[in-house]
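Novice: no sequence on hand, only this structure:
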């Protein structure tokens, strides 16, 4: 699965919009009551994310190796984690959806070996590391939550290795769609017709699946022709989720 944090663990809480300036935050977002930031109690203003910012689509949210002052949370929009190679190629490691951490390992590393790019316009917030550690001491259950997110991150990395190392091109793209779909179902972000927003370009899908854009285009057409799912115009329509799951195992 390419969406690296289990949404069941990331989905709880309250609106962080009040903690962020201007339009940064969750106003109008379906995740108002289910965002990671909401784990911080309303009464404790110190525990609210310290600041936020917006990043335009296709711009860098974080550059590999830079120091961070806090845990980075994507509050609105889609982002992707990627590694850029000297020859210009890149590998997308995972898709980061609203309410998810950039990486739970930040508490140990304080910098990341990968970059983060905004797919859409992104609103993000930073939870100071000192405040997170204070919360661990005062609420052991929150430490359990964070460890759960770290475990989910590792499971996702393992799954990505399996996807690229052993699955067919058809299975890789089906696995990407299925993983995102499962998270968005929990976030009530899919309509009654099985349609959800999907702002990834075919180039970004190709980079996530370690395929060429031409091969990716061919697989997208095959998924549509097989009446499994229809990808296009910034949306996905799930036609047969059971068959999508089967395809994701191919």
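Specialist: Here it is on my side, so go on. Model, not experiment: these values are computed from the prediction. Numbers count the residues shown, from 1 in each chain.
Novice: what's around residue 138, how many residues?
Specialist: Per other Cβ atoms under 10 Å, the neighbour tally for residue 138 reads 11. For the C-beta atoms, the positions are set from N, CA and C on the backbone; glycine is no exception.
Novice: apologies, that question was intended for residue 91.
Specialist: 16.
Novice: SS state for it?
Specialist: strand (DSSP: H, G, I helix; E, B strand; the rest coil).
Novice: what does residue 246 give?
Specialist: Under three-state DSSP, the three-state class of residue 246 is helix.
Novice: per-residue confidence for it?
Specialist: Turning to residue 246, the model gives it a pLDDT of 96.
Novice: list the contacts of it.
Specialist: Applying Cβ atoms under 8 Å, 6 or more residues apart in numbering, we find residue 246 in contact with no residue.
Novice: which helix or which strand is home to the residue lying closest to residue 222 once chain neighbours are set aside?
Specialist: Leaving aside its chain neighbours, residue 222 sits nearest to residue 170 (6.5 Å; criterion: Cβ to Cβ, 6 or more residues apart in numbering). Residue 170 belongs to helix 169-186 when assigned by DSSP states H and E.
Novice: rounded mean pLDDT for the helix or strand following that helix, please.
Specialist: Per DSSP H and E, the first helix or strand lying C-terminal to helix 169-186 is strand 195-197. Per-residue pLDDT over strand 195-197 has a mean of 97.
Novice: quick one: strands adjacent to strand 195-197?
Specialist: Within its sheet, strand 195-197 is paired with strand 235-238 (antiparallel), according to DSSP bridges.
Novice: can you list contacts of the strand it pairs with?
Specialist: Contact partners of strand 235-238, identified using Cβ under 8 Å, 6+ apart, comprise 177, 180-181, 190, 193-198, 229-230, 244.
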